[in-house]
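Q: Structure for this input, please:
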Amino acid sequence: MAIYKCFNCGRQISHKSLEKRFVCPTCGSKIFYKPRKHITKVKAV
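A: Got it, this is the predicted structure:
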């Protein structure tokens, strides 16, 4: 299950609530992003 975050207000929204209209229910924004987990940097040898 994908979780999106509103770029404007920061609210987390599940993909189920965005199936019909890709609009934030809180602020009406149409810009979302998928927050990433912790990124591990690997040093090239």
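Q: just so I have it, where are all the strands in this structure?
A: With DSSP state E, the ranges of strands along the chain come out as 3-6, 12-14, 32-33.
Q: Please list the outside residues in contact with the second one.
A: In this case it means strand 12-14. With Cβ atoms under 8 Å, 6 or more residues apart in numbering as the test, strand 12-14 has contacts from 1-6, 24-25, 32. Where C-beta positions appear, they are placed from N, C-alpha and C, glycine not excepted.
Q: Also the longest one?
A: Contacts with strand 3-6, where a contact means Cβ under 8 Å, 6+ apart, come from 11-15, 18, 24, 26-27, 29, 31-35.
Q: what sits opposite the residue sitting nearest the centre point of the chain in the beta ladder?
A: By Cα atoms, centre = their mean, the mean C-alpha position of the chain lies nearest to Y4, the distance being 2.3 Å. Y4 has the following beta-bridge partners by DSSP bridges: I13.
Q: Distance of it relative to K20?
A: Remark: distance between Y4 and K20 (Cβ to Cβ, to the nearest Å) = 14 Å.
Q: I figured N8 was touching K30, is that so?
A: No - checked against Cβ atoms under 8 Å, the pair N8 and K30 is beyond contact range at 9.1 Å.
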